[in-house]
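Engineer: My questions concern the predicted model and sequence given below.
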Amino acid sequence: NDSHHKIHGLEIGGIDYISKPFECQEVLARIRVHLRAAQAYHNLAKSQLAQLSMLHNAQDALLIKPEDCTDTRFSVYYHPRHQVGGDFYDVLPISDHIYGYFIADICGHDISASFLTSAVKVLLRQNSGPVFTPEITLQIMNSVLLPMLHDGRHLSACYVHVNRFTHRAK
């Protein structure tokens with residue numbers, strides 16, 4: 001019953017205590033409280049898992065699959081460390097026989113990094129094409145993304161145009 005033992009019990013992981021002598025009604029009431037808390041925790045975890053699954057599916061939908069673009073002749077093994085994160089790649093037709101290959105990693109493998117992948121895809125698609133060199137594309141993307149990246153975040157990316165006819169990259 002003394003405070004020292006109660007505090008020690010709570011500090012090592014206890015979530016409640018019942019002093020002796022106890023009353024059955026009090027024990028039952030505390031059990032009900034803990035069962036409700038456990039159910040609420042379970043429901044919250046289930047909801048968060050469903051949201052992560054939807055975000056994972058949305059992020060996966062952003063990624064081009066080799067079978068979607070057979071002319072590019074690429075293959076990919078994409079296995080993110082977490083269910084969602086900041087890893088991203090894309091392959092774009094630029095002109096006849098020229099394709100753009102882009103790969104990026106947004107610092108941090110968390111939900112906020114995964115949200116930026118859609119912005120990266122949109123920026124890449126809007127700023128690539130025959131009139132944009134890879135360098136200009138990356139400069140434009142950098143100027144737009146830089147204000148969005150804070151708290152030490154950064155984006156590492158590589159973008160290259162490959163001429164499938166001449167087998168040259170730039």
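Structural biologist: Ah, there it is.

Engineer: Which residue is the nearest non-sequential neighbour of residue 166?
Structural biologist: residue 97 (7.7 Å; Cβ to Cβ, 6 or more residues apart in numbering). All C-beta atoms are positioned from the backbone trio N, CA, C, and that covers glycine.

Engineer: That neighbour and residue 134, how far apart?
Structural biologist: The gap separating residue 97 from residue 134 is 16 Å, by Cβ to Cβ, to the nearest Å.

Engineer: Run a quick check on the residue nearest to residue 166 versus residue 165, I expect a contact.
Structural biologist: Yes. Using Cβ atoms under 8 Å, residue 97 is in contact with residue 165, at 3.9 Å.

Engineer: So if I had to pick from those two, which one is more boxed in?
Structural biologist: Neighbours per residue (other Cβ atoms under 10 Å) separate residue 97 from residue 165, with residue 97 holding more: 13 against 9.

Engineer: next one: phi and psi at that one?
Structural biologist: phi 70, psi 0 (degrees, to the nearest 10).

Engineer: circling back: wait, what's in contact with the residue nearest to residue 166?
Structural biologist: Contacts for residue 97 (Cβ atoms under 8 Å, 6 or more residues apart in numbering) come out as 163-166.

Engineer: Distance of the residue lying farthest from the centre of the chain relative to residue 113?
Structural biologist: Taking Cα atoms, centre = their mean, the residue of the chain most remote from its mean C-alpha position is residue 21, at 51.6 Å. Distance, residue 21 to residue 113, by Cβ to Cβ: 55 Å.

Engineer: Counting neighbours, show which residues of whichever helix in the chain runs longest come out buried.
Structural biologist: Among the elements of the chain assigned as helix by DSSP state H, the one spanning the most residues is helix 24-62. By neighbour count on 16 or more other Cβ atoms under 10 Å, the buried set for helix 24-62 is 56, 59.
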